[in-house]
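In: model this:
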Amino acid sequence: MLAADSGASIAAIAAEAGVDRRTVYRRFASREDLLATIYDARLTAIEHAIEEARLREAPVAVALHRYVENIIAVNRTWPVDLTRVLVDDAVRARRDTSVHEVDTFLRRATDEGLLRSGVPEGWASALLPQLMHLVSRQLPELSPGQAADVVVDTLLNGLGAS
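Out: The predicted structure follows:
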């Protein structure tokens, strides 16, 4: 609900969940507490997705597919945008650590020849999250694995006919 309307009220959230708003307030002191819990859960899921992909030790192609599949599942489970809470230093640090881990992996993928060199610096790092976001929203009928196939194929082969 918050992904569709980031300004949704506690009353609306409670109604959607089938509970009274007092029930929500018993668990969360404020709307900000609820949002912080949601954002924390998304960040934790992202951290686990990166860890489970084994970006440092798994073969690059395997790690790439695992990472993409895991993040698509995170995007579908926690479809909220973290940019609203990046003003918090602790949240920003956690997010930056995850971004650094993926950037390091993408450099490894380039060094090992899976991604082509010579593209603008940071292009793969900017493109990959956009592809994962798009497939998460535009192709909901695909399983995370099937959606990852689409993303990885698009990243590695593009849409050209050659």
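In: just so I have it, where are all the helices in this protein?
Out: 10-17, 21-27, 31-53, 60-77, 89-111, 123-138, 144-157 (DSSP state H).
In: and those, which is most packed in?
Out: A comparison of the helices of the chain by mean neighbour count, using mean count of other CB atoms under 10 Å, puts helix 60-77 on top with a mean of 20. Glycine gets a C-beta too; all of them are placed from N, C-alpha and C.
In: related to what we said a few turns ago, put together JSON lines for the helices of the chain, with distance to residue 83 and mean pLDDT on each row.
Out: Shown next, in JSON lines, are the helices of the chain (distance: least, CB to CB, whole Å; pLDDT from 0 to 100):
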{"stretch": "helix 10-17", "distance to residue 83": "20", "mean pLDDT": "86"}
{"stretch": "helix 21-27", "distance to residue 83": "24", "mean pLDDT": "87"}
{"stretch": "helix 31-53", "distance to residue 83": "10", "mean pLDDT": "90"}
{"stretch": "helix 60-77", "distance to residue 83": "14", "mean pLDDT": "96"}
{"stretch": "helix 89-111", "distance to residue 83": "9", "mean pLDDT": "93"}
{"stretch": "helix 123-138", "distance to residue 83": "12", "mean pLDDT": "94"}
{"stretch": "helix 144-157", "distance to residue 83": "21", "mean pLDDT": "96"}
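In: In CSV, list those helices along with distance to residue 4.
Out: As requested, those are exported to CSV (distance: least, CB to CB, whole Å):
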stretch, distance to residue 4
helix 10-17, 10
helix 21-27, 18
helix 31-53, 14
helix 60-77, 14
helix 89-111, 22
helix 123-138, 11
helix 144-157, 20
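In: right, and those helices - which one's nearest residue 1?
Out: helix 10-17 (5.1 Å; CB to CB).
In: quick one: contacts of the closest one?
Out: Contacts to helix 10-17, defined as CB atoms under 8 Å, 6 or more residues apart in numbering, come from residues 1, 2, 5, 20, 21, 23, 24, 25, 28, 31, 34.
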